[in-house]
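>>> What follows is a predicted structure for the sequence shown.
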Amino acid sequence: SQQGEEDPQALSIQEGENATMNCSYKTSINNLQWYRQNSGRGLVHLILIRSNEREKHSGRLRVTLDTSKKSSSLLITASRAADTASYFCATVPSGSARQLTFGSGTQLTVLP
Amino acid sequence: EADIYQTPRYLVIGTGKKITLECSQTMGHDKMYWYQQDPGMELHLIHYSYGVNSTEKGDLSSESTVSRIRTEHFPLTLESARPSHTSQYLCASSREGPSTDTQYFGPGTRLTVL
């Protein structure tokens, strides 16, 4: 069964607005990561947050992690048309062979 | 930009053909992975390797096979392609040691089997 599930499945916003995507997972984790995928391309790592961290920033990205709710959110501030892509969360379960398990992704469209 | 490469980028072949998807990385990473991804869907791990001569099957059963004879090279082979193998195949790598969980992805190979 899927470890991570993103919500919403698709999101369409205007340039300049903020975009928030959520991820829920089922088992305890070592860390959670967010990746971005442009259409037909490979994934690019955006940010990693460890289980003992609650919030992390990287440029216009802000990630939160709530281990009690087994959920994470990715906030992209002041979105740009170039942010249009699919965003995936991926988890490394605690005590595992440290393999990533990906969610189904959120398709973000930023309209100019 | 990650130094991980996949060829071909696109492949359209007929049923029954043998194919090999190439993946190579120049980062010296010990760990390499193959994922299968259908359009708009999540990635599924089909093979991984933690070093030379080490290969394991992933969560998703696959009829493909892999080999790891050199650190930088992790090819995936389908002995007899079928339409059900039509998908995108993504190769990734990560390094050994602390903070090793970040994976670097190649651009993918989009395979269509007619």
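Perfect, thanks for sending it. Predicted model, so just to flag it, every value in this text is computed and none were measured. Numbering: from 1, shown residues only, chains lettered A, B, ... in the order given.
>>> For whichever strand or helix holds residue A:91, name the packing helices and strands.
For residue A:91, the element it lies in under DSSP states H and E is strand A:85-93. If you count contacts as 3 or more CB pairs under 8 Å, 6 or more residues apart in numbering or on different chains; DSSP states H and E, strand A:85-93 packs onto strand A:4-7, strand A:19-25, strand A:29-37, strand A:71-76, strand A:101-102, strand A:106-111. Just so you know, the C-beta spots here come from the backbone N, C-alpha and C atoms, and that holds for glycine as well.
>>> avg pLDDT for the first one?
Right, strand A:4-7. In this model, strand A:4-7 has a mean pLDDT of 80.
>>> Likewise for the fourth one?
Predicted confidence along strand A:71-76 averages 97 (mean pLDDT).
>>> Then the second one?
Taken as a whole, strand A:19-25 carries a mean pLDDT of 96.
>>> What number of residues are in the vicinity of the residue of chain B found nearest chain A?
Of all residues in chain B, residue B:105 sits closest to chain A, at 3.5 Å by CB to the nearest CB. The burial count assigned to residue B:105 is 22, neighbours taken as other CB atoms under 10 Å in any protein chain shown.
>>> Low-confidence stretches in the chain?
Using chain A. Applying pLDDT under 70 to chain A flags residues A:1-4, A:96-98.
>>> Correction: the question concerned chain B.
B:1-2, B:97-100.
>>> For residue B:95, give me its contacts.
B:27, B:28, B:29, B:30, B:31 (CB atoms under 8 Å, 6 or more residues apart in numbering or on different chains).
>>> The first one against residue B:4, yeah?
Spelled out, it's residue B:27. Yes - taking CB atoms under 8 Å as the definition, residue B:27 is a contact partner of residue B:4 at 7.1 Å.
>>> Quick check: neighbours shared by the two?
With CB under 8 Å, 6+ apart, residue B:27 and residue B:4 have common neighbours B:93, B:104.
>>> The two: who's more crowded?
residue B:4 (24 against 13).
>>> Once you drop chain neighbours, what's closest to residue B:19?
residue B:78 (5.1 Å; CB to CB, 6 or more residues apart in numbering or on different chains).
>>> how far away is the one you found from residue B:109?
Distance of residue B:78 to residue B:109, computed by CB to CB, to the nearest Å: 11 Å.
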